[in-house]
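In: Okay, here's the prediction I keep looking at, along with the sequence it came from:
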Amino acid sequence: MLVRWLLAALHLLAYGFALASILRRTWSLRRASVPAALRSVFRADTRWGLAALVLIVTGLMRVFGGYEKGADFYLHQPLFHAKMALLVLILILEVPTMLGLMRWRASIRSGATPDLKRARSYAHFSVIQTVLLVLMVFAATGMARGIGLTAGAA
């Protein structure tokens with residue numbers, strides 16, 4: 001019981017940290033016109049990555065680790081499928097930003113000036129990810145309250 005509670009709490013806290021981190025990354029990317037401004041972008045990006053990792057690990061543990069209702073329950077939840085679809089979209093949108101930030105980090109390490117032309121695009125992707133993350137919270141809370149279940153599955 002204690003482990004279930006802690007996993008649920010960590011999972012929920014990770015949503016908050018993820019939201020704060022991605023909003024900070026968005027804000028920093030919008031202001032990234034010179035390489036010196038990238039420190040804030042990189043810090044926020046690292047925090048976003050850590051929060052996403054905690055979300056994914058605790059989520060997997062809750063679904064497949066035997067701590068919650070079990071995979072059979074979750075896999076028959078329409079809102080769980082919606083939540084996972086939103087996660088996939090977030091991860092797909094993360095790829096270009098992640099690759100771009102990796103290039104910027106490599107440029108800085110090598111002493112070169114990174115090309116910041118795509119900063120606004122990365123900020124736009126982050127805004128979309130923020131909306132998708134909020135929708136994930138709605139799917140999760142709906143699922144926790146049995147919304148979308150058929151009478152026999154509840």
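Out: Perfect, thanks for sending it.

In: residue boundaries of the helices in this protein?
Out: Secondary structure of the chain (DSSP state H): helices at 2-30, 38-64, 71-75, 78-109, 119-144.

In: comparing those, which gets the lowest mean pLDDT score?
Out: Among the helices of the chain, helix 71-75 has the lowest mean pLDDT, at a mean of 86.

In: wait, what's in contact with the residue positioned nearest the centre of the chain?
Out: Centroid check for the chain by C-alpha atoms, centre = their mean gives Ala52 as the closest residue, at 4.4 Å. Residues near Ala52 by C-beta atoms under 8 Å, 6 or more residues apart in numbering: 14, 18, 90, 94. From N, CA and C alone the C-beta is placed, and that goes for glycine too.

In: rerun that using 6 Å as the cut-off
Out: Ala52 makes contacts with Ala18, as judged by C-beta atoms under 6 Å, 6 or more residues apart in numbering.

In: For Ile90, see how far away it is.
Out: Distance, Ala52 to Ile90, using C-beta to C-beta, to the nearest Å: 8 Å.

In: cool, Ile56 as well?
Out: To Ile90, Ile56 is 11 Å away according to C-beta to C-beta.

In: The two - which one has more neighbours?
Out: Ile90 (22 against 14; other C-beta atoms under 10 Å).

In: Quick one: residues contacting the more buried one.
Out: By C-beta under 6 Å, 6+ apart, the contact list for Ile90 reads 129, 132.

In: what about it, distance to Lys83?
Out: With distances taken as C-beta to C-beta, Ile90 is found 11 Å from Lys83.

In: Ok, Leu91 next?
Out: 13 Å.

In: quick one, which of these two is more surrounded?
Out: Lys83 (21 against 14).

In: excluding its backbone neighbours, what's nearest that one?
Out: Excluding the flanking residues, the one nearest Lys83 by C-beta to C-beta, 6 or more residues apart in numbering is Ala139, at 4.0 Å.
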